[in-house]
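Participant: Predicted model and sequence follow; I will ask about them next.
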Amino acid sequence: MVTSPTDQPRNPAPLVQRVRASVAGASDFEGVLLALGALTGLITGLLAAALILAIRWLQPLLWGTGSVPQWAVVAIPTLGGLVVGLIVTYVANEPSGSGVVRTMEILAVRGGRFRRRVPAAGLAATTIALSSGASGGREGPIVLMGGATGSLIGQLFRLDEARLRALVAAGVAAGIGASFNAPIGGMLFAMEVILGQFRARSLQVVVISSVVGSVTARQVVGVGVTFDLGAGHTFGDPRELMGYVTVGMAAAVLGVAFVRGEALARAGFTWLRRWMWRPLTLAVGGLGVGIVALAVPEVLGTGEGLPGISGMQEPIHRLLTEGVGTGWRAVAVLLVLLVAKFVATMFTLGSGSAVGNFAPTLFTGAALGAAVGTAMDTMGPAAGVDPAAFALVGMAAGFAASTGAPLTAILIVFELTGDYGMVLPLMLACGIANWLSERIEKDSVYTRPLNDRGIVHGTIEDVDVLQSVRVGDAMTTDHPAVLDVQSVGELRRLFDRTGSHGFAVVDGGHRVVGVVTRSDLDAAADLTTVRTGGRRVDDLLVSDIATAHPIVVHPDDPVHTAVHRMAALDIGRVPVVERHTKRLLGMMRRGDVVRAYQAGLDHHLGGQHRAASHALRDLGGVAFQEETVAADSLAAGVEIRDVNWPPRTIVVSVRRAGGIVVPTGDTRLQIGDVLVVLAEKESRQLVHHLATAPDVGGRDPTDPAQHDHAREATEGR
């Protein structure tokens, strides 16, 4: 039963609604956005501090304070992987894999809208993963948690997409700044990697959030650089520049190895999930890390050491200060460290554990740089080469090559170490590493996973509008399918009856095993009796003529992915399957793509429309509001001039079918029209009533008497 406003009790607005109204009506909205950025930084800083303290608390509980037996070195990462797998499978899957990639994906596909459970799930999963020895870093998860914090604050106050994206970037900057005490590096990372652009509006809120997040974490976990190098390093001999060029070139190879190695590892574990329960695959990843750690315990955790484990307790700090010795034996030790850390990281990231790849690139880059410096010192000790200085440069170059973010690499190493004496070698090596790696591999560790899924990360102006629409929202769900054991004769009759050009082929469990098209049927008619074993063509099974192992998409993929795959194979349809069971859910066809494109245009146009009206939110006691004309409402099918709007009310624009209609008195309102109305604030409820309330009891929206009655009802008289 539909009720009129008179049936609704007039309750006081909740506190959140009042705050929302205050934010929406603020005359200096950019000032409010900066305040929300500071709030994002505060909460993210607390989350980063909670993550650091939780790891410090849980690590000793898992590993103890004495010597650790070999079985525990294998068992603890394995069990940790299993628990993390349960969290990312049954609580929230966003923390699985690189948090940076997930954040970029959600920005590109969902417009920056995170789920509410992400921060808590990410905190729990990452604490367990890193405490149990997973080979990774905490920066990826804290990027995810910070981005989700900014998103949830933006959604709470119903910000438009552009401002929501700015708050997500602000949360990312605060996460990096808080986690590593590096506010400048956090700001650059958010702008260079997450947003891919520098804009004044975003920069302001990102800077404030990064500073607040860093200061907050300092107050909780303490002040100081992550890697204290004491007096630091100096650059004085220009002859060393060739060594730093070598570091840059070698780091480029390392960066490409990370990009391609992670892709290969993800593919391997994806294949494994076809036969194994997902949490067990993460346990397999932990098992791999544990086996590597039996020989090289330094691979465990973030590179800052684990209590009770033999080997270097602080391997990165050791490489940046005293090194591992001299001579070719030290070079061999460094290369073993590099390879072991790389392999352990592939096990961790490929399985989808809740860690980041930031710290592993720093570790391996430092080992690579130290190896080059030690080799130079061994070949010409009179030159006085400092391998620790080369480790510092290699750390930045490895990060620059793998992420495609040289500016962030240079600045963040300054902040991590407090060492500003190596600026020239850092700039040289990072520039060479980034330039050369881009010539070998166009993608970074952050963009490769997105591109493999058909997602193009970019600014809102550059991103295909089809990324804002999911396959599950656009697919045809009632498209018929055929069983693999049906006969070709039955298939022929189905084609004739439906007029379709193709069907998905499923087995008895409704899992997709192939696709069959009319061209396949026509080709089957040319089969000779020899090729068919003497059988008539119509007696063949569908599986005999269908294309096996077809290209498929999943309901949570953007439509852009479906279009990309259809275009690559010049096909007109692609099955939509459930990601893990491969059960058929629907079919994505060319007509569905056209409708999805229209929906995407409407989505982006709506965002631009709201942003334009938002700038004029408060004008002398009147305000903009947006209403959608409902079916059978008082305004549906009525010309604008005939609707008895409240005084001082103007219908500014009408958004209809992906376009903007400039309204006149003759414009007849249609169901689904989105109206932007300028009205007095006290008339907002009445405008909403006219656009959405059902026309029951013969009410006439053009009747002033009934209009006054509705006004009295909405005012609670």
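Facilitator: Everything's here; your move. Please read these numbers as outputs of a predicted model, since none were measured by experiment.

Participant: quick one: average pLDDT of the helix or strand Ala174 falls within?
Facilitator: Assessed by DSSP states H and E, Ala174 sits inside helix 161-180. Taken as a whole, helix 161-180 has an average pLDDT of 86.

Participant: Which residues in the following helix or strand past that helix does the neighbour count mark as buried?
Facilitator: Once helix 161-180 ends, the next helix or strand along the chain (criterion: DSSP H and E) is helix 183-189. Across helix 183-189, burial judged by 16 or more other CB atoms under 10 Å covers 183-189. Placement of C-beta: from N, CA and C, glycine included.

Participant: pLDDT and distance to Cys430 for these - can I get that in a markdown table?
Facilitator: Listed next are the buried residues of helix 183-189 as a markdown table, based on pLDDT from 0 to 100; distance: CB to CB, whole Å:
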| residue | pLDDT | distance to Cys430 |
| --- | --- | --- |
| Pro183 | 85 | 20 |
| Ile184 | 86 | 15 |
| Gly185 | 84 | 13 |
| Gly186 | 85 | 18 |
| Met187 | 87 | 18 |
| Leu188 | 86 | 13 |
| Phe189 | 86 | 14 |
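
Participant: Compile these into JSON lines and extend it with columns for distance to Leu36.
Facilitator: Listed next are those as JSON lines, based on distance: CB to CB, whole Å:
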{"residue": "Pro183", "distance to Leu36": "18"}
{"residue": "Ile184", "distance to Leu36": "22"}
{"residue": "Gly185", "distance to Leu36": "22"}
{"residue": "Gly186", "distance to Leu36": "17"}
{"residue": "Met187", "distance to Leu36": "17"}
{"residue": "Leu188", "distance to Leu36": "21"}
{"residue": "Phe189", "distance to Leu36": "20"}
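
Participant: Out of the residues you listed, the closest to Trp57 would be?
Facilitator: Lowest distance from Trp57 to those (CB to CB) belongs to Gly186, with 24.6 Å.

Participant: pLDDT below threshold where in the stretch 401-550 of the chain?
Facilitator: Counting by pLDDT under 70, the stretch 401-550 of the chain shows low-confidence ranges at 418-419, 454-468, 525-535.

Participant: Now do the strands in it.
Facilitator: Applying DSSP state E, counting those that start in this stretch to the stretch 401-550 of the chain gives strands spanning 481-483, 502-506, 512-517, 547-548.

Participant: can you put those strands in JSON lines and add mean neighbour count and distance to Pro575?
Facilitator: Output for the strands of the stretch 401-550 of the chain, formatted as JSON lines (neighbours: other CB atoms under 10 Å; distance: least, CB to CB, whole Å):
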{"stretch": "strand 481-483", "mean neighbour count": "18", "distance to Pro575": "8"}
{"stretch": "strand 502-506", "mean neighbour count": "24", "distance to Pro575": "4"}
{"stretch": "strand 512-517", "mean neighbour count": "22", "distance to Pro575": "5"}
{"stretch": "strand 547-548", "mean neighbour count": "12", "distance to Pro575": "11"}
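
Participant: Nearest to Pro663, out of those strands?
Facilitator: Smallest distance to Pro663 across the strands of the stretch 401-550 of the chain (CB to CB): 44.0 Å, for strand 502-506.

Participant: Would you mind getting the angle between the closest one and strand 512-517?
Facilitator: 160 degrees (axes from the mean of the first three to the mean of the last three CA atoms, to 10 degrees).

Participant: Packing partners of strand 502-506?
Facilitator: Here strand 502-506 touches strand 481-483, strand 512-517, strand 584-589, going by 3 or more CB pairs under 8 Å, 6 or more residues apart in numbering; DSSP states H and E.

Participant: Please read off the pLDDT at Ala250 from the model.
Facilitator: For Ala250, the predicted pLDDT is 94.

Participant: same question but for Val19, I mixed them up
Facilitator: pLDDT, Val19: 57.

Participant: just to revisit the earlier point, which one of the buried residues of helix 183-189 is nearest Pro119?
Facilitator: Using CB to CB, the buried residues of helix 183-189 come closest to Pro119 at Gly186, 17.2 Å.

Participant: what's the burial count for Ala162?
Facilitator: Counted with other CB atoms under 10 Å, residues neighbouring Ala162 total 19.

Participant: typo on my end, it should be Ala367
Facilitator: Using other CB under 10 Å, Ala367 has 31 neighbouring residues.

Participant: my guess is it contacts Leu338, does it?
Facilitator: Yes: between Ala367 and Leu338 there is a contact under CB atoms under 8 Å: 4.1 Å.

Participant: Give me the distance between Met475 and Gly591.
Facilitator: 11 Å (CB to CB, to the nearest Å).

Participant: What of Arg656?
Facilitator: Counting by CB to CB - Arg656 and Gly591 are separated by 21 Å.

Participant: Which one's more surrounded, these two?
Facilitator: Shown here are Arg656 and Gly591; by other CB under 10 Å, Arg656 has more neighbours (17 against 12).

Participant: if we can go back for a sec, how far away from the center of its chain is the helix holding Ala174?
Facilitator: Relative to its parent chain, helix 161-180 has a centroid offset of 13 Å by CA atoms, centre = their mean, to the nearest Å.

Participant: and that helix, what does it pack onto?
Facilitator: Applying 3+ CB pairs under 8 Å, 6+ apart, one finds that helix 161-180 contacts helix 29-63, helix 99-110, helix 139-156, helix 183-189, helix 200-221, helix 406-417, helix 590-614.

Participant: change it to 10 Å
Facilitator: helix 29-63, helix 99-110, helix 139-156, helix 183-189, helix 200-221, helix 358-379, helix 406-417, helix 590-614 (3 or more CB pairs under 10 Å, 6 or more residues apart in numbering; DSSP states H and E).

Participant: Can you tell me which of those is packed in deepest?
Facilitator: Most buried of the helices and strands packed on helix 161-180 by mean neighbour count (mean count of other CB atoms under 10 Å) is helix 139-156; its value is a mean of 29.

Participant: residue ranges for the helices of the stretch 601-717 of the chain, please.
Facilitator: 684-692, 704-714 (DSSP state H, counting those that start in this stretch).

Participant: Could you tell me the least trusted of these?
Facilitator: Within these, confidence is poorest for helix 704-714, with a mean of 46 (mean pLDDT).

Participant: so where is the stretch 101-250 of the chain shaky, pLDDT-wise?
Facilitator: For the stretch 101-250 of the chain, the ranges with pLDDT under 70 are 109, 111, 197-201, 223-238.

Participant: What's the end-to-end length of stretch 631-649?
Facilitator: Taking CA to CA, to the nearest Å, stretch 631-649 runs 22 Å from one end to the other.

Participant: Over to stretch 629-637?
Facilitator: For stretch 629-637, the first-to-last residue distance is 10 Å (CA to CA).

Participant: Tell me how far that stretch lies from the chain's centre.
Facilitator: The chain centroid and the centroid of stretch 629-637 are separated by 39 Å under CA atoms, centre = their mean.
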